[in-house]
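K.L.:
With the sequence up front, the predicted model follows.
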Amino acid sequence: MTRPPGPPLFTGLRLRLTGLYLLASLALVALVGGGAYGLLSNFFSAANDDALNRKMASELAVLGLRPPPDNRVGSAPTSSTRPGSNEREDAEHVDDARREAIARQRRQDEVNPDLLAVFVMPLDAAGNVIGRPLTQTQIAPNRAAFAAALQNGVDWRTVSLEGGGRARLYSYRAESGPVAVLQLGRSLSDQDQILNYLLLSLLAFGAATAVLVGGASWWLAGRSIEPARAAWAKQQAFVASASHELRAPLTLLRASAETVRDELPAEAESQRGLLDDVLGETDHMARLVDDLLTLSR
């Protein structure tokens, strides 16, 4: 049995329900995807800063300096002497401990991929790299970070690379011999690539979800308005049936009233007036029935 089509208002209602379901589903996908993207981005940011902190402590240990106050890595041993001891023996003891600590830190750096990715640039007072960098650099020294480190002691910033991509920089005012500022950096290209891939994956997943959820929402909206559509169809059927049932008695009533009126004698004016009223009301009801038929269509 073919279901009678509903009026346009049901199509509009179904479209609105479909849009509502689709927006709710996409909002949920955007919330989950945005949360995952934000968590991964924050994880990368924390991992970068931690790697730079650890590398800075290692390099400052080479220079015989303590790490900055905000560095989360323990201080490197210094060349201070113990009171009441032989100064030369203490210096040799401290130098041996320092060399051992540096060697231990170097071994840890060699097995830590996060620290291997950090490049180190010792800068002189003019901001030029001293000799060969401790690790292979990927960018030139950043003058703005150098100046900020000289002024404030420490500087953190994310910079754009000339060849494309970004890098995270950590600059520290060392003031150890020719080294004025120790500038460390880590390229963010690999992490940005992962984040971009995740973003594209989320967008593709969102598009696929929109298609699938759109179809499911259209079907669900149709199921939701089915009771209203069925009630409307029953109302149409009732109005059409009632209209047809009323037309026959009205036609018979009018024909009978006309017959009686035509057979009245000329002097029966009052009866003729009553029959005219009956015919007028019959015509009025017939027009109402026609309107009902028009509504049912």
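P.N.:
Noted; the coordinates are in hand.

K.L.:
For the rest of this, base every contact and every neighbour count on C-alpha atoms.
P.N.:
Will do.

K.L.:
I'd like the distance from stretch 9-20 to the chain centre, please.
P.N.:
26 Å (C-alpha atoms, centre = their mean, to the nearest Å).

K.L.:
okay, L274: pLDDT?
P.N.:
pLDDT, L274: 81.

K.L.:
show me what contacts it?
P.N.:
By C-alpha atoms under 8 Å, 6 or more residues apart in numbering, L274 lies in contact with nothing.

K.L.:
Which residue ranges of the chain form strands?
P.N.:
With DSSP state E, the ranges of strands along the chain come out as 118-123, 154-160, 166-176, 179-187.

K.L.:
so what strands line up beside the second one?
P.N.:
On the basis of DSSP bridges, the sheet neighbours of strand 154-160 come out as strand 166-176 (antiparallel).

K.L.:
and the strand it pairs with with strand 179-187, angle?
P.N.:
160 degrees (axes from the mean of the first three to the mean of the last three C-alpha atoms, to 10 degrees).

K.L.:
Which positions in strand 166-176 come out as buried?
P.N.:
166-175 (16 or more other C-alpha atoms under 10 Å).

K.L.:
hang on, isn't T282 packed against R254?
P.N.:
Yes. T282 is within contact range of R254, at 6.3 Å (criterion: C-alpha atoms under 8 Å).

K.L.:
Now do the end-to-end distance for stretch 116-126.
P.N.:
27 Å (C-alpha to C-alpha, to the nearest Å).

K.L.:
Now it: buried residues?
P.N.:
For stretch 116-126, by 16+ other C-alpha under 10 Å, it's 117-124.

K.L.:
Serialize the residues you listed to CSV and add fields for pLDDT.
P.N.:
As requested, the buried residues of stretch 116-126 are arranged in CSV below (pLDDT from 0 to 100):
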residue, pLDDT
A117, 78
V118, 85
F119, 86
V120, 88
M121, 88
P122, 89
L123, 90
D124, 88
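
K.L.:
Which residues outside stretch 217-224 are in contact with it?
P.N.:
Contacts for stretch 217-224 (C-alpha under 8 Å, 6+ apart): 14-15, 17-19, 21-22.

K.L.:
If you count neighbours, what's buried in that stretch?
P.N.:
217-218, 220-222.

K.L.:
Same check on stretch 232-239?
P.N.:
Per 16+ other C-alpha under 10 Å, stretch 232-239 contains these buried residues: 232-233, 236, 239.

K.L.:
In helices, which of these fall?
P.N.:
232-233, 236, 239 (DSSP state H).

K.L.:
Flag the shaky bits of the stretch 51-200 of the chain, pLDDT-wise.
P.N.:
Within the stretch 51-200 of the chain, the set of residues satisfying pLDDT under 70 comprises 66-115, 132-138.

K.L.:
dump the residue contacts of G19.
P.N.:
Contacts of G19 by C-alpha under 8 Å, 6+ apart are 214, 217.

K.L.:
Begin at 334, not 1, for the rest of this chat.
P.N.:
Understood, numbering begins at 334; the last thing we discussed is G352.

K.L.:
Mind pulling up the pLDDT for it?
P.N.:
On the pLDDT scale, G352 gets 88.
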